[in-house]
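Q: fold the following and give me the result.
(2 chains)
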Amino acid sequence: MSAAFSFSIENRIKNGQGRAGTFLTPHGHIQTPCFAVVGTKATVKSLTVEQVKDIGASVVLANTYHLYLEPGTQIVKKGGGLGQFMNWTGPTITDSGGFQVFSLGAAYKQSVSKIAELRLGDGADRSSDDILINDSTMAKVTDDGVEFKSYIDGSAHFFTPERSIQLQKDIGADVIFAFDECTSPHASYEYQKEALDRTHLWAARSLAEHKKGMEISQALFGIVQGGRYNDLREKSARYIGGMDFDGFGIGGSFDKKDIEATVSRINEILPDDKPRHLLGIGDPLDLINAVEMGCDLFDCVAPTRIARNGTLYTERGKINILNAKFKNLFRPIDPHCGCYTCRHYTAAYIGHLFRAKEILANTLASIHNLYFIISHVKRMRAAIINGDFADFKNAFMEKYVA
RNA sequence: GCGUCGGUGGCGGAGUGGUCAAUCGCAACAGACUGUAAAUCUGUCGCCCUAUGGGCUACGUAGGUUCAAAUCCUACCCGACGCA
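A: The predicted structure is shown next:
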């Protein structure tokens, strides 16, 4: 690891894998476990950086593919790099574009999430058996790289591991990720195995490209894949974990019920002295399990995306603020929440903003959800430091209904 | 007063003899969303039931023609416009 970075562990969960630590970056330290807010296009949707800071966020994660398409990585570079360009002075991360292999590939126009879940007659389910075929024309994978079509204008672009690293270098985030292939949870074992070999090959190429630079001011994280298959997950953890990365991402798709066990197995194998970032996981209960199993960093679009769609976290579970029962509720969304939104606005008012399609709804809801999740992870950190993680977990689970 | 056009489900607005409980949009009501193609998407939306089916009431009102009417005819009520 470059001298500009260091990772130290301050305390651990008794008889467990979870730990609290500090990850030092050129733009400040990150106290882990930590939830990085997602700002895909160099902006946390609907929020100013002052609002993001006020929420308590310490890290922003942006996306290479999106910034490459718009405004172009050279513009970000000329703008002083991701942080300066977007007026964020703290640590930054970029994803490599590997997730778009999935979201623009197998998941394109399909009702597929990277989280597979058995649904039993809840009325709103869809069959998962008829969405196995990837006929997407938006992303095509070969061993050399991935051809993407721009979601903006349909133009073709080719990403290789080397190209992804170069682009991430131009963008200039503190932490960057190896280029990987995120697969569908419906992928067969055979395909998953093939994709894993490719991801491993790409990891080596990403690392080699990264090491080319004379002066390295970025930390490169390798990504563990393997989908829903335990043997592949373990193989990947051993392979990626054995490489000279500065930290690790855990990516890919999961069975909802297996996240905890899968992450636990992976983290048993990964080096203990480097940070682990569980990519794209942000459900409050998933976060508890993942922290307990030794993950240090997280990022997820869920808090901001569901906020924009009217779903808000409370200590008792998620609510849809558009439900008729909130129309006359002149109290905060969550009376125990200390966020700006809850300190100043009522549920009735926020529901009104959503119904009226006022843009302030997105802002107030995003503030609330991000505050909820960031505080949630911060409390877990404090609990690990204080040695009462189990108490925190029990207290949370007692109230929170999934 | 005469003439013309028009009155359709919460609203707007299709439909002009059968496949119409009635296209579509909005509103309403619910659901989904986990490295953002996303201020997005999905479902329900006359009433009732022994509900991938059946019954009832409905297209201004009242009659009529027809095997069959939101659709044709007559009268009336209401609205817009034109002429007196």
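
Q: can I see the domain layout of chain A?
A: By the assignment in automatic domain parsing, chain A contains the domains A:6-98+A:159-300, A:309-402.

Q: can you tell if the first one touches RNA strand B?
A: This points to domain A:6-98+A:159-300. Yes. Contact of domain A:6-98+A:159-300 with RNA strand B (Cβ under 7 Å from any atom of the strand) involves A:38, A:40, A:44-45, A:61, A:63, A:66, A:95-96, A:98, A:177, A:180, A:182, A:223, A:225, A:249, A:251-252, A:256, A:279-283, A:286, A:299-300. Yep, even glycine has a C-beta here, placed from its N, CA and C like the rest.

Q: just to revisit the earlier point, winner for burial among the domains of chain A?
A: Among these, domain A:6-98+A:159-300 has the highest mean neighbour count (mean count of other Cβ atoms under 10 Å), at a mean of 21.

Q: just the terminal-to-terminal distance for it.
A: Using Cα to Cα, to the nearest Å, the end-to-end distance of domain A:6-98+A:159-300 comes out at 24 Å.

Q: average pLDDT for it?
A: Domain A:6-98+A:159-300 carries an average pLDDT of 97.

Q: gap between it and the chain center?
A: Domain A:6-98+A:159-300 sits 7 Å away from the centroid of its parent chain (Cα atoms, centre = their mean, to the nearest Å).

Q: what helices or strands is the helix or strand harbouring A:I223 leaning on?
A: Here A:I223 sits within strand A:219-224, counting by DSSP states H and E. Judged by 3 or more Cβ pairs under 8 Å, 6 or more residues apart in numbering; DSSP states H and E, the packing partners of strand A:219-224 are strand A:175-177, helix A:189-211, helix A:230-241, strand A:247-250.

Q: can you tell me the residue of the stretch 251-400 of chain A closest to RNA strand B?
A: A:G280 (2.2 Å; Cβ to the nearest atom of the strand).

Q: over to the stretch 101-250 of chain A?
A: For the stretch 101-250 of chain A, Cβ to the nearest atom of the strand, closest residue to RNA strand B: A:C182, 2.4 Å.

Q: right, and the residue of the stretch 251-400 of chain A closest to RNA strand B touches A:C300 too?
A: Yes. When contacts are counted by Cβ atoms under 8 Å, A:G280 is listed as touching A:C300 (5.7 Å).

Q: show me the longest helix that occurs in chain A.
A: Counting by DSSP state H, the longest helix found in chain A is helix A:360-386.

Q: so where do the helices sit in the stretch 301-402 of chain A?
A: Using DSSP state H, counting those that start in this stretch, the helices of the stretch 301-402 of chain A run over A:302-308, A:340-344, A:347-355, A:360-386, A:389-399.

Q: would you list the ones you listed in TSV and tack on distance to A:G18?
A: Supplementary listing: the helices of the stretch 301-402 of chain A in TSV, determined by distance: least, Cβ to Cβ, whole Å:
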stretch	distance to A:G18
helix A:302-308	21
helix A:340-344	29
helix A:347-355	34
helix A:360-386	6
helix A:389-399	6
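
Q: what residues are up against the residue of the stretch 101-250 of chain A closest to RNA strand B?
A: A:C182 sits next to A:98-99, A:101-103, A:114, A:225, A:251-253 when contact means Cβ atoms under 8 Å, 6 or more residues apart in numbering.
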